[in-house]
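1. Test case, fold it:
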Amino acid sequence: MTAPKIKLYTNHACPWAHRAHISLAELQLPFEEEIIDLAAPRTPEYLKVNPRGLVPSLEFNGEILTESAIISNFLANEFPSHLLPASNAPGGAFFRAKVEFFVDTFISKVNGNMIKAQFSKTDEEAESFVKEYVDAVVKEIEPLLSNAAPFFNGSERLTQAEVLTGSFIVRLFTLPKYGLFPEHILSDLSTKAPNFYKWGQAVSKHPSVLVIYDEKVIAERSKERVAKLRAA
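-> Residues are numbered from 1 along each chain as shown. Okay, here's the model as predicted:
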């Protein structure tokens, strides 16, 4: 079989683009990458690839896909692996439904509070959003990780659940020490949501999750954005 020609348009600081890198790393797929400068106007060439100007975009054998979840799910479907069983495999459809529910719950009920906490204009606002984050994890996510071992649904290897949440989890577990979140968020989670905390520790240390992640660079850029926001 001829190897597919894959090109990823990306930015290593973007957690959404990071999802595609986790997929490609875990599937061990060779690819070409082009870094898109998100601080500058998009070039006409890139707007032909993705008229929205967002990352990631994936060129696969000459065809273009956009949006991180669509790209990551396409790769998981195109290259069947431990990440996501085929829907017609025994238990496959049910597992896929569980992954979809987990990811949707995390993104829609939990993750927004972390972003709001990180870019709050005051420490008081940040504390409020941290509390909402922890409370949402306890209510919505903790029960879904009761059988994590250490990954989703008792898996010893990454699943698509980690592919689509890992870029946010690694930031949660590494950025508080730089002052970007109140540091007690992790101790609160370890006490109130031990399943989530143990799972998050495993996710945030996994090589495929760390493949492009430079926490010092991410922390510095995030601190600059927060400083500009609070000075406005």
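2. For the chain, which segments count as helices?
-> Remark: helices assigned in the chain by DSSP state H are 15-27, 44-49, 68-78, 92-105, 112-118, 123-136, 160-163, 166-174, 184-192, 194-204, 207-210, 215-231.
3. Let me know how buried residue 40 is, in neighbour terms.
-> 7 (other CB atoms under 10 Å). The C-beta positions use only the backbone N, C-alpha and C, and glycine is treated the same way.
4. now the residue most central in space within the chain, nearest residue through space, not along the chain?
-> By CA atoms, centre = their mean, the chain has its centre lying nearest to residue 167, at 3.0 Å. Distances taken as CB to CB, 6 or more residues apart in numbering put residue 18 closest to residue 167, at 3.5 Å, once the chain neighbours are dropped.
5. got a list of what that neighbour touches?
-> By CB atoms under 8 Å, 6 or more residues apart in numbering, the residues touching residue 18 are 12, 166, 167, 212, 213.
6. Quick check: the third one touching residue 22?
-> Yes: taking contact to mean CB atoms under 8 Å, the distance of 6.8 Å between residue 167 and residue 22 places them in contact.
7. Could you name every residue contacting both of those two?
-> The contact sets of residue 167 and residue 22 overlap at residue 209 (CB under 8 Å, 6+ apart).
8. so what's residue 12 closest to, chain neighbours aside?
-> In space, residue 12 is closest to residue 212, 4.6 Å off (CB to CB, 6+ apart).
9. now residue 141
-> residue 196 (5.5 Å).
10. Repeat that for residue 4.
-> Sequence neighbours aside, residue 61 is the residue nearest to residue 4 in space, at 5.4 Å (criterion: CB to CB, 6+ apart).
11. what about that neighbour, neighbour count?
-> For residue 61, the tally of surrounding residues (other CB under 10 Å) stands at 9.
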